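Chemist: no FASTA, just this:
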DNA sequence: TCATCTGTAATAATTGTTGTTACAGTACAA
DNA sequence: TTGTACTGTAACAACAATTATTACAGATGA
């Protein structure tokens, strides 16, 4: 990720879902999340790129959901903010002269992949609609 | 985590497993992993705390596995390096005056928990022994 | 008693993340 | 047609987290 982005994105989407189609400004969103509006706008651009939200510029502009909350799974949001495997990209180059070092990243990658798959499958079970029902 | 620690710990354990009980120095381990020996020693201290390895000080000292590789699951290693939920600790305080902000961390935590559970269950299926079979 | 190792602290360097400022461009509304 | 309230975006500053480095006391074996 970075992981924070997942929380921010979900937070944004929940707020938009509650706005029921009316356009919400990045400052308002930022106020609820308690982060900088520019970060929100960046996140919105990403969410838009993935088809979750639409934006309107200019006065009374803002963002709104682009599709029904029932059609947005938390797993989809996860994919939208995912940058690398959650268990960690292998940033270092282990020693290629060592038989273990030479192979380990490849083997770890397989483990990482299946572990992340399991996590994603779990996130597939919850949609923005079902998740937002928790908010009373 | 931080995620890197998981890879480092697994790497260490694989090397120790291959050493078949003989003691391996932190410099040697660091050389294969290609990181600083002090980091390795810190990681070894953690692995020891969790009962995976034993250490011997002084000349010809080093580390060795403290239990059979078959009794160490990757999930156990994960727990040993885990610091917070992998999907992210909610570092920021959302606006408590916002009905969504006030509740979201609690609700996210539940989602995070079940997602991580799924990931861990997957890691339970692989032991250090089975994983090390991949190395030829 | 020397050499080699761990354990540990303190601190520096590096990288990653988040916040801030600034401003061009869009759209509405008076 | 001009002011106001927004987005989109870049550039950069501040801060946090991670990793590396240096240093050294203490253990152990030869």
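Modeler: Alright, I've got the coordinates. Everything quoted here is computed from the prediction, not taken from an experiment.
Chemist: from here on, contacts and neighbour counts on C-alpha atoms
Modeler: Will do.
Chemist: what is the burial count for residue A:38?
Modeler: Under the neighbour criterion other C-alpha atoms under 10 Å in any protein chain shown, residue A:38 is assigned a count of 12.
Chemist: so what's it closest to, chain neighbours aside?
Modeler: Setting aside the residues directly before and after it, residue A:38 is nearest to residue A:26 in space (C-alpha to C-alpha, 6 or more residues apart in numbering or on different chains), at 7.8 Å.
Chemist: show me the contacts for that neighbour.
Modeler: Listed by C-alpha atoms under 8 Å, 6 or more residues apart in numbering or on different chains, the contact set of residue A:26 reads A:37, A:38, A:40, A:41, A:62, A:63.
Chemist: now swap in residue A:25 and tell me
Modeler: With contacts defined as C-alpha under 8 Å, 6+ apart, the neighbours of residue A:25 are A:60, A:61, A:62, A:63.
Chemist: picking that back up, how near is the residue nearest to residue A:38 to residue A:103?
Modeler: Taken as C-alpha to C-alpha, to the nearest Å, the spacing of residue A:26 relative to residue A:103 amounts to 46 Å.
Chemist: and residue A:111, by the same measure?
Modeler: Per C-alpha to C-alpha, residue A:111 is found 13 Å from residue A:103.
Chemist: likewise for residue A:54?
Modeler: Residue A:54 sits 45 Å away from residue A:103 when distances are taken as C-alpha to C-alpha.
Chemist: what residues does chain A have near chain B?
Modeler: Those residues of chain A that sit near chain B, judged by C-alpha under 8 Å from any C-alpha of the partner chain, are A:3-4, A:6-7, A:11, A:14-15, A:31-34, A:86-88, A:90, A:92-98, A:100-101, A:103-104, A:107-108, A:111, A:114-120, A:122-123, A:134-135.
Chemist: which ones among the residues you listed map onto helices?
Modeler: Secondary structure from DSSP state H places A:4, A:6-7, A:11, A:14-15, A:31-33, A:100-101, A:103-104, A:107-108, A:111, A:114-120, A:122-123 of these in helices.
Chemist: any of those buried? List them.
Modeler: A:6-7, A:11, A:14-15, A:31-33, A:100-101, A:103-104, A:108, A:111, A:115-120, A:122-123 (16 or more other C-alpha atoms under 10 Å in any protein chain shown).
Chemist: flag every residue of chain A that's near DNA strand D.
Modeler: Residues of chain A lying near DNA strand D by C-alpha under 7 Å from any atom of the strand: A:24-27, A:38, A:41-42, A:44-45, A:55-63.
Chemist: would you mind checking the residues you listed for buried ones?
Modeler: If you count burial by 16+ other C-alpha under 10 Å, the buried members of the residues of chain A next to DNA strand D come out as A:24, A:25, A:26, A:27, A:41, A:44, A:45, A:55, A:62, A:63.
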